[in-house]
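Colleague: Using only what follows, build the 3D model:
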Amino acid sequence: MPERGRRGKRDDAPLVREMDARHVARAMGHLTLVRHGQASALTGDYDRLSERGHAQAKLLGAYWAARGTTFDHVFVGPRRRHRETYENVRDALAAAGTPLPAPVPLEELDEHHGIVVFLAAMPKLMATHPEIAELAANVETAGGRLRLFRRVMRLWAEDRIAELHPEDAERFDAFVARVRRGLSLMTYGAEHGARIAAFTSAGATAAAACLALGIDDARAMDLSFEIVNGSLTRLRFSKDRLTLSSMNETPHLPDDMLTNV
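Modeller: Modelled structure (predicted):
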């Protein structure tokens, strides 16, 4: 109940603020970024979902169906793993009588070019950076390989290996600018309260979160390694505002289905 002031008058300010907040929440659009399901690492074709990746996407579709979740617009990145994740979610929703809108392909949802940069730069990095050479000498385990890759990716994100950058690879600052452009393309002109889903990768998800928070671009690289396959990152948006609501949610995935590949 609204509190009464010293002279017995009601103080309606808290109620007005609550009503204003509810109005803003309804008026703002909602963008849900979905990281693709587990890809087929250590095979001849990484860019397809593994059996577990298909299962993760189906669980997401079932979760949305059970909650009655609907979307007004859907965007899908250019990779096969993006498309297959969408298709599994779509089929699970359709089976429950809740169709997804036809997807709009969006190149801006693609992953960064880190793998290309890593492979091209490693020979010279090992010769010029003792730290990298030491890490490269301990790659017998998955953990050792990950530590090496993360360190090189951080150097790249900080633009500290520009002289080794392949000419045909996108630079990290250009990647972040691309993600920013993608966010604008998805949200600009959307109706009030629009609900949008976008199927993408970890790097683009992390970059979008950092853009919403105003965090240093290079931190997006560190954050990207924490994004779980099939996870949900939610943003709210209006004409001149982008707010991170939640990140890396996996309410639809049991613990034994959590992966980061």
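Colleague: Have a look at this protein and report its longest strand.
Modeller: strand 241-249 (DSSP state E).
Colleague: For residue 164, which non-adjacent residue is closest in space?
Modeller: Nearest residue to residue 164, sequence neighbours excluded (Cβ to Cβ, 6 or more residues apart in numbering): residue 121, at 4.1 Å. Heads up, the C-betas are built off the backbone N, CA and C, glycines and all.
Colleague: For the one you found, give me its contacts.
Modeller: Residue 121 makes contact with 152, 156, 161, 164, 165, 166, according to Cβ atoms under 8 Å, 6 or more residues apart in numbering.
Colleague: My read is that the fifth one contacts residue 173, right?
Modeller: No. Taking contact to mean Cβ atoms under 8 Å, the distance of 11.3 Å between residue 165 and residue 173 leaves them out of contact.
Colleague: was I right about residue 241 contacting residue 28?
Modeller: Yes. The criterion here is Cβ under 8 Å, and residue 241 meets it with residue 28 at 7.4 Å.
Colleague: more neighbours, the two?
Modeller: Neighbour count, other Cβ atoms under 10 Å: between residue 241 and residue 28, residue 28 has more, with 20 against 12.
Colleague: The more buried one - nearest residue in space that isn't next to it in sequence?
Modeller: Using Cβ to Cβ, 6+ apart, the closest residue to residue 28 is residue 236 (4.4 Å).
Colleague: can you pull the contacts of that neighbour?
Modeller: Here residue 236 is in contact with 25, 28, 29, 30, 31, 242, 243, 245 (Cβ under 8 Å, 6+ apart).
Colleague: Filter the residues you listed down to the buried ones.
Modeller: 28, 29, 30, 31, 242 (16 or more other Cβ atoms under 10 Å).
Colleague: in a helix, that's where the third one is, yeah?
Modeller: If I follow you right, that is residue 30. No. Residue 30 is assigned strand when assessed by DSSP: H, G, I helix; E, B strand; the rest coil, not a helix.
Colleague: For residue 246, see how far away it is.
Modeller: According to Cβ to Cβ, to the nearest Å, residue 30 stands 11 Å off from residue 246.
Colleague: For the stretch 101-250 of the chain, which segments are assigned as helices?
Modeller: Taking DSSP state H, counting those that start in this stretch as the criterion, the stretch 101-250 of the chain carries its helices at 114-128, 130-136, 142-157, 172-187, 202-213, 219-224.
Colleague: who are the neighbours in contact with the closest residue to residue 151 other than its chain neighbours?
Modeller: Excluding the flanking residues, the one nearest residue 151 by Cβ to Cβ, 6+ apart is residue 135, at 5.9 Å. Each residue near residue 135 by Cβ under 8 Å, 6+ apart is listed here: 144, 147, 148, 151.
Colleague: number of nearby residues for the last one?
Modeller: Other residues near residue 151 number 16, with proximity taken as other Cβ under 10 Å.
Colleague: Residue 238 now?
Modeller: When counting by other Cβ under 10 Å, one arrives at 14 neighbours for residue 238.
Colleague: OK, contacts around the closest residue to residue 63 other than its chain neighbours?
Modeller: What sits nearest to residue 63 in space, not counting adjacent residues and going by Cβ to Cβ, 6+ apart, is residue 252, at 3.5 Å. Going by Cβ under 8 Å, 6+ apart, residue 252 touches 59, 60, 62, 63, 230.
Colleague: Not counting its own residues, what contacts stretch 221-229?
Modeller: Stretch 221-229 is contacted by residues 35-39, 53, 56, 114, 146, 150, 153-154, 156-157, 172, 202-203, 205-207, 209-210, 233, 248, 250, 253, 258-261 when judged by Cβ under 8 Å, 6+ apart.
Colleague: and with 7 Å instead?
Modeller: Stretch 221-229 is contacted from outside by 35-38, 53, 56, 150, 153-154, 157, 202-203, 205-206, 209-210, 248, 250, 258-261, using Cβ atoms under 7 Å, 6 or more residues apart in numbering.
Colleague: For it, measure first residue to last.
Modeller: For stretch 221-229, the first-to-last residue distance is 16 Å (Cα to Cα, to the nearest Å).
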